[in-house]
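**Q** Using only what follows, build the 3D model:
(2 chains)
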There are 2 protein chains.
Amino acid sequence: MTTIKLHPRLDNGMQDYPEVAGFAGGTLMCFCESDKVTVKVGSQTLHNHACGCSQCWKPEDAKFSLVAVASRETVEVVSNEDKLAIVDETAAIQRHYCKDCGAHMYGRIENKDHAFYGLDFIHTELSAEKGWSAPKFAAFVSSVIETGTPVANMGNVRKELSNMGLPTYDTLSPELMDLIAAKAAELKGTLQV
Amino acid sequence: MTTIKLHPRLDNGMQDYPEVAGFAGGTLMCFCESDKVTVKVGSQTLHNHACGCSQCWKPEDAKFSLVAVASRETVEVVSNEDKLAIVDETAAIQRHYCKDCGAHMYGRIENKDHAFYGLDFIHTELSAEKGWSAPKFAAFVSSVIETGTPVANMGNVRKELSNMGLPTYDTLSPELMDLIAAKAAELKGTLQV
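**A** Okay, here's the model as predicted:
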């Protein structure tokens, strides 16, 4: 048990993430009682992580979002697509949310020069299936200050996350940051592999 | 000795940084053989760190810059101020450099809403005095990919920095990132201390 509420799916520890080898995806459902938006994801997710940024969707009172990626070819809206809208069309990640319940169903990058083009951002807590990839790190941790976490609590926030096996970063993980820098270098013509 | 060239003042280890308690500052000098720009810094520096970003000034062939801050009230151009110009007036940090030799003498933030307003960014390697604060971490490490470090070398770059006692971040240190987030929260009215 964490002593600080981070996210309902983290606060009991990683037991809520029984990652299954060979897991092949599932269906994300919005919170509406009827006419649910459903999105089929035909693959396991990658890079699942806790995110402290203010744009990623999270349950009320959670400090962190839990967000992972899947290849956009494997992500398909199956029902009630007409209930979806984009939070901010100018953002790098276009977050498609249900206008009725507010759940973010998937985030998509349309800029082909973005390092993460081709990957959709999804919240596997919207799926009833068990076996999705478990969170592996915490990103944009300092940003939770902007959403009201007291500065004095930050030591404990980082400690709780570390204790459950999630290294903490105030940006993305080194692996992902290297990918972003490599894409920037590629575009500038300075990339060395 | 590092096996990768990081910066001339790091490659022999921290022996080149004999930090002295009570050290009260010194004089930065540009590289010109005559009519040197000199800048007096009347205090010890804080937050000295290696920086991998592409904007901080660094010696030729160095992967990282070494940069620290001092209160702007303690930083004063003493001679040949007319040789100084600003690299980019639109950047958050206005870097004042010597037009003749290229050395960056100090970086200043003029935006009073910036978290680091009041602190000037300086390179103490431009001073002959010994005793300045030693580097304590490495920032914007992934960014060295953009300036030509091969992606395949990044594991070793992070390892070398860690081995010399510099924790590596792909942004600033958690302490500084919390300050930036707190300033953003203050401006948004969401700050809790």
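**Q** hey, which helix is longest across chain A?
**A** Counting by DSSP state H, the longest helix found in chain A is helix A:174-188.
**Q** which parts of that helix are buried?
**A** Under the neighbour-count criterion of 16 or more other Cβ atoms under 10 Å in any protein chain shown, helix A:174-188 has A:174, A:176-185 buried. Every C-beta, even on glycine, is put in place using the N, C-alpha and C of the backbone.
**Q** same question, stretch A:118-126
**A** So, applying 16+ other Cβ under 10 Å, buried residues of stretch A:118-126: A:119-126.
**Q** quick one: average confidence on it?
**A** Averaging pLDDT along stretch A:118-126 yields 98.
**Q** Stretch A:40-55 too?
**A** Confidence for stretch A:40-55, expressed as mean pLDDT, is 96.
**Q** what's the span of it, first residue to last?
**A** Between the opening and closing residues of stretch A:40-55 there is a gap of 23 Å (Cα to Cα, to the nearest Å).
**Q** ok, it near chain B or not?
**A** No - using Cβ under 8 Å from any Cβ of the partner chain, stretch A:40-55 never reaches chain B; the gap is at least 9.1 Å.
**Q** closest to chain B among the buried residues of stretch A:118-126?
**A** Chain B lies nearest to residue A:119 out of these, by Cβ to the nearest Cβ, at 18.2 Å.
**Q** which secondary structure element contains the spatially closest residue to the closest one that is not a sequence neighbour?
**A** Spatial nearest neighbour of residue A:119, excluding adjacent residues (Cβ to Cβ, 6 or more residues apart in numbering or on different chains): residue A:69 at 4.1 Å. Residue A:69 is part of strand A:65-71, with elements assigned from DSSP states H and E.
**Q** tell me which strands and helices that strand is in contact with?
**A** If you count contacts as 3 or more Cβ pairs under 8 Å, 6 or more residues apart in numbering or on different chains; DSSP states H and E, strand A:65-71 packs onto strand A:46-51, strand A:119-122.
**Q** Please list all residues in contact with the residue nearest to the spatial centre of chain A.
**A** Residue closest to the mean C-alpha point of chain A, counted by Cα atoms, centre = their mean, is residue A:67 at 1.4 Å. By Cβ atoms under 8 Å, 6 or more residues apart in numbering or on different chains, the residues touching residue A:67 are A:48-49, A:51, A:56, A:107, A:121-123.
**Q** Take these and lay them out in CSV including distance to residue B:28.
**A** Listed next are those as CSV, based on distance: Cβ to Cβ, whole Å:
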residue, distance to residue B:28
A:48, 47
A:49, 42
A:51, 41
A:56, 43
A:107, 46
A:121, 46
A:122, 51
A:123, 50
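**Q** where along chain A do the strands fall?
**A** Using DSSP state E, the strands found in chain A span residues A:26-29, A:38-41, A:46-51, A:65-71, A:75-79, A:84-86, A:94-98, A:104-108, A:119-122, A:138-139.
**Q** hmm, back to that, the buried residues of helix A:174-188 also near chain B: which ones?
**A** Applying Cβ under 8 Å from any Cβ, the subset of these adjacent to chain B comprises A:174, A:177-178, A:180-182, A:184-185.
**Q** what residues does chain A put near chain B?
**A** A:141-152, A:154, A:158, A:168-172, A:174, A:177-178, A:180-182, A:184-185, A:188, A:190-193.
**Q** what about 6 Å?
**A** A:142-143, A:145-146, A:148, A:150-151, A:154, A:170-171, A:177-178, A:181-182, A:184-185, A:190, A:192-193 (Cβ under 6 Å from any Cβ of the partner chain).
**Q** hang on, the earlier thing: closest to residue B:99 out of the contacts of residue A:67?
**A** Lowest distance from residue B:99 to these (Cβ to Cβ) belongs to residue A:51, with 44.1 Å.
**Q** so the closest one makes contact with residue A:141?
**A** No - with contact defined as Cβ atoms under 6 Å, residue A:51 does not count as touching residue A:141 (9.1 Å).
**Q** between these two, who's got more neighbours?
**A** Each of residue A:51 and residue A:141 has its neighbours counted (other Cβ atoms under 10 Å in any protein chain shown); residue A:141 has more, 29 against 24.
**Q** Now the buried residues of stretch A:118-126 in CSV, please, with extra columns for distance to residue A:83.
**A** Shown next, in CSV, are the buried residues of stretch A:118-126 (distance: Cβ to Cβ, whole Å):
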residue, distance to residue A:83
A:119, 24
A:120, 18
A:121, 19
A:122, 17
A:123, 17
A:124, 20
A:125, 19
A:126, 14
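**Q** Need the max-distance pair from those.
**A** Using Cβ to Cβ, the buried residues of stretch A:118-126 span at most 18.4 Å, a distance reached by A:119 and A:125.
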